[in-house]
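In: with the sequence up front, the predicted model follows.
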Amino acid sequence: MSQTTEKAPKKEKVGIVAWISLIFLIIILSGVFRTSDTPLKVLDFTNLSGSFGTIGDTGANFIGSNGTGAKDGFMAGLNLIPAVMLFCGLLGVFEQLGAFKASDILFRPLLRPILGIPGSTGVAFISSFTGSDVAAVMTRDLYESGSITDDERTIFVAYQYAGSACINNTITGGAPLLAICPVSLGAIIVIEFVCKLIGANVVRLILFFRSKKRAGKE
């Protein structure tokens, strides 16, 4: 009687280059050096994206001001294209360097318990604190590459959608209210983060019971 032995698939090693690239990617997307006056400001995605010049002495760029309706929405969407194109290029470079494999190892112990999603979403998780566009692109790519399931994508989108880009939007859009708020900025962001987690886990529970119900019918 002949016995066949199956070899266990070898785990791909994550080298030092992957870890260094992950560190740089997190720094670029975290906004740490956004307001820096040193050359380190280039290590920020917003600064790398740049800004449009102004037209004459008007102070307005090509989008203009006081626009309304679909036309204004179209120009606002057009404004996002350069940043999205830049990020897609960066995404390909860092993926080749192994940043997302390192991300899976680093973030798995955190994200799997609190959200039920794999560590490969870690970079998008960090990015979602300061911007929604980049995190959305990364989430789509993770799903299309098979790194996350449909349910995991749904949970992660629920987390991102509630209080989207909480740090950036709280500091910019909520600036007038911060002066009269009885609690500190840090406490506000923590509360937003907790609410985002609660919302995502409600969706997680719904998906869990739905899949359990389907399994029972089968």
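Out: Received, thanks. Numbering: from 1, shown residues only.

In: contacts, neighbours, all on C-alpha from now
Out: Will do.

In: quick one: list the elements packing against the host helix or strand of residue 25.
Out: Residue 25 belongs to helix 16-30 when assigned by DSSP states H and E. In terms of contacts (3 or more Cα pairs under 8 Å, 6 or more residues apart in numbering; DSSP states H and E), helix 16-30 is packed against helix 69-97, helix 99-115, helix 122-127.

In: gap between the strand or helix carrying residue 207 and the chain center?
Out: Element membership of residue 207 [criterion: DSSP H and E] is helix 185-217. The chain centroid and the centroid of helix 185-217 are separated by 17 Å under Cα atoms, centre = their mean, to the nearest Å.

In: coming back round to it: buried set for the helix holding residue 25?
Out: Within helix 16-30, the residues scored as buried using 16 or more other Cα atoms under 10 Å are 18-19, 21-22, 24-30.

In: least confident secondary structure element in this structure?
Out: In the chain, the helix or strand scored least confidently by mean pLDDT, DSSP states H and E is helix 175-178, which has a mean of 72.

In: tell me the mean pLDDT for the helix holding residue 207?
Out: What helix 185-217 shows for mean pLDDT is 90.

In: kindly report the same for stretch 100-120.
Out: For stretch 100-120, mean pLDDT is 91.

In: buried sites along it?
Out: 100-104, 106-108, 111, 115-120.

In: closest one of the residues you listed to residue 85?
Out: Taking Cα to Cα as the measure, residue 85 sits nearest to residue 100 out of the buried residues of stretch 100-120, at 19.1 Å.

In: leaving out chain neighbours, which residue sits closest to that closest one?
Out: Leaving out its chain neighbours, the residue that sits closest to residue 100 by Cα to Cα, 6 or more residues apart in numbering is residue 120, at 5.8 Å.

In: for the one you found, grab phi and psi.
Out: As for residue 120, its main-chain torsions (degrees, to the nearest 10) stand at phi -60, psi -20.

In: wait, what's in contact with the nearest residue to residue 21 once chain neighbours are set aside?
Out: Leaving aside its sequence neighbours, residue 21 sits nearest to residue 99 (Cα to Cα, 6+ apart; 5.5 Å). Residues in contact with residue 99 (Cα atoms under 8 Å, 6 or more residues apart in numbering) are 18-22, 25.

In: where's the dip in pLDDT among those residues?
Out: Of all the contacts of residue 99, residue 25 carries the smallest pLDDT score, 87.

In: any idea how far it is from residue 176?
Out: As judged by Cα to Cα, to the nearest Å, residue 25 and residue 176 stand 31 Å apart.

In: then residue 82?
Out: Taking Cα to Cα, one finds residue 82 at 30 Å from residue 176.

In: sec struct for residue 163, please.
Out: Secondary structure for residue 163, judged by DSSP: H, G, I helix; E, B strand; the rest coil, is coil.

In: can you pull the contacts of it?
Out: 192, 196.

In: phi, psi for it please.
Out: phi 60, psi 50.

In: for residue 53, same thing?
Out: phi -70, psi 170.

In: OK, contacts around the nearest residue to it once chain neighbours are set aside?
Out: Closest residue in space to residue 53, ignoring its immediate chain neighbours: residue 61 at 5.9 Å, by Cα to Cα, 6+ apart. By Cα under 8 Å, 6+ apart, the contact set of residue 61 is 52-55.
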